[in-house]
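Colleague: could you look at this predicted model? Sequence included:
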Number of protein chains: 2
Amino acid sequence: MVGAVPYRTIGRLTLYWRTLRDLASEGQTYVYSHHLASQSRVTAAQVRRDLMVLGYSGTPAKGYNVKKLRMHIEAFLFPATEQKAVIAGVGNIGRALLKFFVGRRPMLKIVASLEVNPDKFDRMILGCPCHSIENAKSVIHDEGITVGIIAVPDREAQYVADVFVGAGIRGILNFARTSLNVPSGVYVEDIDLAMSLDRVAFFARQSLKEDQPASPKSKSPDASKERKP
Amino acid sequence: MVGAVPYRTIGRLTLYWRTLRDLASEGQTYVYSHHLASQSRVTAAQVRRDLMVLGYSGTPAKGYNVKKLRMHIEAFLFPATEQKAVIAGVGNIGRALLKFFVGRRPMLKIVASLEVNPDKFDRMILGCPCHSIENAKSVIHDEGITVGIIAVPDREAQYVADVFVGAGIRGILNFARTSLNVPSGVYVEDIDLAMSLDRVAFFARQSLKEDQPASPKSKSPDASKERKP
DNA sequence: CATTACTTGTGAATTTATTCACAATGCGAA
DNA sequence: TTCGCATTGTGAATAAATTCACAAGTAATG
């Protein structure tokens, strides 16, 4: 169960979990790898490979027990005890995220927000107490927060990251378009909206080009590039 | 210049472009691969490998000409003529995205939004005309829109995707937690906020475990897993 | 001009991720 | 019970992405 969990596997387990949740609510008791696969747009082999990390086996010819598999994924993926998060920045993106995340996971809660703007801090925002960034360290310590979300303007992102790291945060979800400098041991996941949109636009153009090709290079409509592999 | 552009390279080129833009505004005329690398948290070799797709070469001992490299990236990555996008759903996330993207790229514009809610459509929202989703096809056709953003509730996402595809859209940025079913040739990029937060929380816990280990397995503080590789 | 100390571009090696392919298994039908 | 069939788990093969490592090149220096 220890050591070197493939990064992408973690993400896909979330997808499988959602399918299992839905299946359970439909009363299904067993599921095959190929069904989980089709719901997540991966191959059945990929699903089975991913599930290896759980140490739970399905039964041949019957598939996986929906309830048990779901519980194993939860045990692996979700915190055993409540894990707390904080969000820095309650501008447009920050508020949207706050609203989106609130009440989503019982074991993973955003318990505070942080702001530089005195108009915003020292009151509740979307059901969440908003503090001055200057009090970040004590808030994070006192609450035992381990996850930080950065939704501040780009130029403030590194400062916030430093505050987060200094206060003991070990995982950062970063919406700023800045490569954060953090010590090894702190995990950073970037969500770069502008980059994503650029990429979609790029591949959309490519797709159009291939439709009316001056010189059709590809021998067959290759589906392998349509998706993030 | 044709064929098989590595998916991740596209994203990184955006990062390099930002660094080049900043360098240009500082008056720098040349830059080394290792500088671009450090600004994007990749290796210098990675940068040079990525830049190979551009067909532009730097000069040894001098590096890359900031202005020229930037222009080559723009020519490769950005649309030559204005490319248009539409966003479906102007709820919390949708409005935040609209506000975020507006006026960001001169060649890539969100020119319309779509809604099912009659309270919202047929008026301007954040400077952008909002139409009924029922008129989507004509709006998309008439405007020549090629990129669609999905920011609607999960259960409506597939419907919107079908509308998009039917209207000729070739690239979709999907914020719904649904695996969209689209024909090959249409590029989909998913931004799954819940998954990302789960993943950050997971690695944050892992990091904490490794700090106070009952059984320290890893021989050395392995930095290779700190980032999405 | 020759030397030094850097760089770049890229073939090859390596690492990481995915898919293949098949033995082993268990269910259900006869 | 026995057979047939569709499934699982996983070693091995493949594919994709990254890094290594070094020849070749350029600028700066004396």
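Modeller: Great, that's in hand. As the structure is a computational prediction, the values presented were derived from the model and not from experiment.

Colleague: A:Ala136 is in contact with A:Lys121, correct?
Modeller: Quick fix: residue A:121 reads Phe, not Lys. No: the criterion here is Cβ atoms under 8 Å, and A:Phe121 misses it with A:Ala136 at 10.6 Å. Heads up, the C-betas are built off the backbone N, CA and C, glycines and all.

Colleague: for A:Gln28, phi and psi?
Modeller: Dihedral angles of A:Gln28 (phi, psi; degrees, to the nearest 10) stand at phi -70, psi 140.

Colleague: now do the contacts for the residue positioned nearest the centre of chain A.
Modeller: The centroid of chain A falls nearest to A:Gly11 when counting by Cα atoms, centre = their mean (7.0 Å). When contacts are counted by Cβ atoms under 8 Å, 6 or more residues apart in numbering or on different chains, A:Gly11 touches B:Asp192, B:Met195, B:Ser196, B:Asp198, B:Arg199.

Colleague: hang on, the earlier thing: quickly list what's touching both of A:Phe121 and A:Ala136.
Modeller: Counting by Cβ under 8 Å, 6+ apart, the residues touching both A:Phe121 and A:Ala136 are A:Leu114.

Colleague: so what's the residue of chain A found nearest DNA strand C scoring on pLDDT?
Modeller: Nearest residue of chain A to DNA strand C: A:Pro60, at 2.8 Å (Cβ to the nearest atom of the strand). On the pLDDT scale, A:Pro60 is placed at 91.

Colleague: distance of it from A:Tyr30?
Modeller: A:Pro60 is 12 Å from A:Tyr30, where distance means Cβ to Cβ, to the nearest Å.

Colleague: ok, A:Asp154 next?
Modeller: Counting by Cβ to Cβ, the gap from A:Asp154 to A:Tyr30 is 49 Å.

Colleague: again, but for A:Val53
Modeller: 21 Å.

Colleague: those two: which has the busier surroundings?
Modeller: Neighbours per residue (other Cβ atoms under 10 Å in any protein chain shown) separate A:Val53 from A:Tyr30, with A:Val53 holding more: 19 against 16.

Colleague: name the residues that touch the strand ranked longest in chain A?
Modeller: In chain A, taking DSSP state E as the definition, the longest strand is strand A:108-115. Residues from elsewhere that reach strand A:108-115, judged by Cβ under 8 Å, 6+ apart: A:78-79, A:82-90, A:94, A:98, A:101-102, A:121, A:125, A:128-133, A:136, A:139, A:143, A:145, A:147, A:149, A:160, B:197-198, B:201.

Colleague: just the residues you listed: which are in strands?
Modeller: A:83-88, A:125, A:128-132, A:145, A:147, A:149.

Colleague: quick one: end-to-end length of stretch A:180-195, please.
Modeller: 16 Å (Cα to Cα, to the nearest Å).

Colleague: do the helix or strand bottoming out on mean pLDDT in chain A and chain B meet?
Modeller: Lowest on mean pLDDT, DSSP states H and E among the helices and strands of chain A sits helix A:193-211, with a mean of 91. Yes: counting by Cβ under 8 Å from any Cβ of the partner chain, contacts between helix A:193-211 and chain B involve A:193-208, A:210-211.

Colleague: restricted to buried residues, select these in ChimeraX.
Modeller: In ChimeraX, this line selects whichever of these come out buried by 16 or more other Cβ atoms under 10 Å in any protein chain shown:
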select /A:193,195,196,197,198,199,200,201,202,203,204,205,206,207
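
Colleague: so, low pLDDT: which residues of chain A?
Modeller: Applying pLDDT under 70 to chain A flags residues A:1-3, A:212-229.

Colleague: please enumerate the helices of it.
Modeller: Along chain A, counting by DSSP state H, helices occupy A:7-25, A:33-40, A:44-51, A:66-77, A:92-101, A:136-143, A:154-166, A:193-211.

Colleague: and chain A, which of the contacts of A:Gly11 reach it?
Modeller: B:Asp192, B:Met195, B:Ser196, B:Asp198, B:Arg199.

Colleague: tabulate those (a markdown table), appending distance to DNA strand C.
Modeller: As requested, the ones next to chain A among the contacts of A:Gly11 are exported to a markdown table (distance: Cβ to the nearest atom of the strand, whole Å):
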| residue | distance to DNA strand C |
| --- | --- |
| B:Asp192 | 14 |
| B:Met195 | 14 |
| B:Ser196 | 16 |
| B:Asp198 | 17 |
| B:Arg199 | 12 |
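
Colleague: count of neighbours near A:Ser25?
Modeller: Using other Cβ under 10 Å: A:Ser25 sits among 8 other residues.
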